[in-house]
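Student: Provided below for reference: sequence and predicted model.
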Amino acid sequence: VAEGALLGGYRFAGYKTRPQPSRREPVAEVLIAVPDAGDAGAQAEITRAQAVAGAVRLSRDWVNTAPNELRPPSFADAVAGAARDAGLEVEVLDEAALAAGGYGGIIAVGQGSEAPPRLVKLTYTPQDGGNGKRVALVGKGITFDTGGISIKPAQGMWEMKSDMAGAAAVGAAMLAIAALKPAVAVSGYLPMAENMPSGSSYRPGDVISMYSGKKVEVLNTDAEGRMVLADAIARACSDGTDYLFETSTLTGGQVIALGKRMAGVMGTPELCERVRVVGDAVGEPAWPMPLPDDVRKGMDSDVADISQVNAGMDRAGHMLQGGVFLREFVTDDVAWAHIDIAGPGYHSGEPTGYWTKGGTGVPVRTLVQLVEDVAANG
């Protein structure tokens with residue numbers, strides 16, 4: 001009840017200079033009746049609801065912010081500031097550090113914009129050392145996506161301010177984790193870039209040296225999300241983790257296959273099933289999808305280790321191509337799940353249920369619940 005009230009009562013402040021006569025003020029206070037207000041269990045549930053729903057609301061705020069106000073440097077500053085206040089360890093790599101560190105995918109996508117890219121790492125360490133397991137969360141942070149040289153159609157492009165919904169969800173989930181203090185170590189990785197067309201943009205035909213050392217042939221600059229995520233995933237694996245959950249508004253194919261409410265999940269079968277079960281429990285449904293061998297075969301490149309998309313299949317299996325590409329950057333010993341939220345990450349219709357128009361905060365609650373599940377059950 002508390003979570004639903006906090007989520008359904010959300011409203012983005014917006015940018016209007018005049019008050020709207022027909023606009024109702026958001027609910028200021030909610031009272032919940034329980035048999036015993038002093039009951040520790042009831043108090044714990046209220047505390048948890050405030051932490052989790054507060055994180056969802058912050059994620060929505062970041063997604064709804066105008067893209068001229070939330071470019072990679074300012075987004076990184078906002079996340080880093082909130083994380084430090086929450087007691088998390090923060091590392092921010094600027095464009096010089098990214099270039100020196102060999103993050104070729106993040107640099108390539110961000111080099112067409114005057115606002116340089118960033119990689120933010122947030123670390124939560126349990127006080128007692130936790131249960132010995134390590135979880136990595138990775139989120140796509142494209143603060144605006146024009147498609148780059150492979151430019152998108154103008155219609156609807158304004159919604160591409162939401163292409164950082166994955167990073168917003170991971171950053172916000174880390175704040176909730178800091179508040180809830182689960183007994184498991186968690187690190188969040190937020191690669192941020194603005195994909196713009198300019199004389200310095202990366203091009204179709206480029207070959208990019210990635211953080212992992214693999215060479216990627218670029219065929220479509222609008223498949224930029226997988227480039228920044230590949231570097232962040234490889235970094236997370238090199239830092240060491242047992243479970244890796246990555247989320248992103250990655251492909252229009254997710255919407256075609258599963259609609260605007262249900263995420264697609266790909267990766268280690270057991271972990272994908274875990275995401276499905278948790279998603280159902282928290283009200284953020286996800287459905288496991290396959291990673292077929294024929295999709296990977298079509299991504300063989302004549303000049304590099306892998307091409308960025310399956311040119312032969314074009315849009316066929318589009319969602320699966322994204323998952324197949326990302327799999328190349330996950331080390332064999334890491335269980336992983338890629339959660340494609342192209343549809344559920346942003347709601348363009350009228351308010352429904354506890355979704356208001358704009359950013360939804362999906363999958364903050366799934367990520368938090370997954371971390372708590374690993375803390376409790378390994």
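Tutor: Good, I have the coordinates. Numbering: from 1, shown residues only.
Student: Against Arg226, how distant is the residue most central in space within the chain?
Tutor: Central residue of the chain (C-alpha atoms, centre = their mean): Gly166, 1.6 Å from the mean position. Note on Gly166: its distance to Arg226, by C-beta to C-beta, to the nearest Å, is 12 Å. Placement of C-beta: from N, CA and C, glycine included.
Student: In three-state terms, label the nearest residue to Ser348 once chain neighbours are set aside for me.
Tutor: Once flanking residues are discounted, Ser348 sits nearest to Glu159: 6.2 Å by C-beta to C-beta, 6 or more residues apart in numbering. Here Glu159 is helix, with the state taken from DSSP: H, G, I helix; E, B strand; the rest coil.
Student: Now do the contacts for the residue nearest to Gly101 when sequence neighbours are not counted.
Tutor: Nearest residue to Gly101 in three dimensions, chain neighbours excluded: Leu93, at 6.5 Å (C-beta to C-beta, 6+ apart). Leu93 makes contact with 101, 103, 118-121, according to C-beta atoms under 8 Å, 6 or more residues apart in numbering.
Student: And Arg134, by the same measure?
Tutor: Per C-beta under 8 Å, 6+ apart, neighbours of Arg134: 184-187, 240-243.
Student: which of these sit farthest apart?
Tutor: Maximum pairwise distance in the contacts of Arg134, criterion C-beta to C-beta, is 13.6 Å, between Val184 and Gly240.
Student: who's more crowded, the two?
Tutor: Neighbour tally, Val184 and Gly240, criterion other C-beta atoms under 10 Å: the higher count belongs to Val184, 24 against 13.
Student: What separation do you get for the more buried one and Leu370?
Tutor: Using C-beta to C-beta, we find Val184 at a distance of 10 Å from Leu370.
Student: give me every residue that touches Gly253.
Tutor: Here Gly253 is in contact with 315, 317-322, 342 (criterion: C-beta under 8 Å, 6+ apart).
Student: How about Val324?
Tutor: Shown in contact with Val324 (C-beta under 8 Å, 6+ apart): 291-292, 295-296, 299, 310.
Student: just the CA coordinates of the strand ranked longest in the chain, formatted as CSV?
Tutor: Identified as the longest strand of the chain according to DSSP state E is strand 185-195. The C-alpha trace of strand 185-195 is given here as CSV (Å, rounded to 0.1, in the frame of the first residue of the first chain):
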residue,chain,number,x,y,z
ALA,A,185,28.6,-6.7,-1.9
VAL,A,186,27.1,-4.7,-4.8
SER,A,187,28.8,-2.5,-7.5
GLY,A,188,26.9,-0.4,-10.0
TYR,A,189,28.4,0.6,-13.4
LEU,A,190,26.8,3.5,-15.3
PRO,A,191,28.4,4.2,-18.7
MET,A,192,27.2,7.6,-19.9
ALA,A,193,27.4,9.2,-23.4
GLU,A,194,25.4,11.4,-25.8
ASN,A,195,25.1,9.9,-29.3
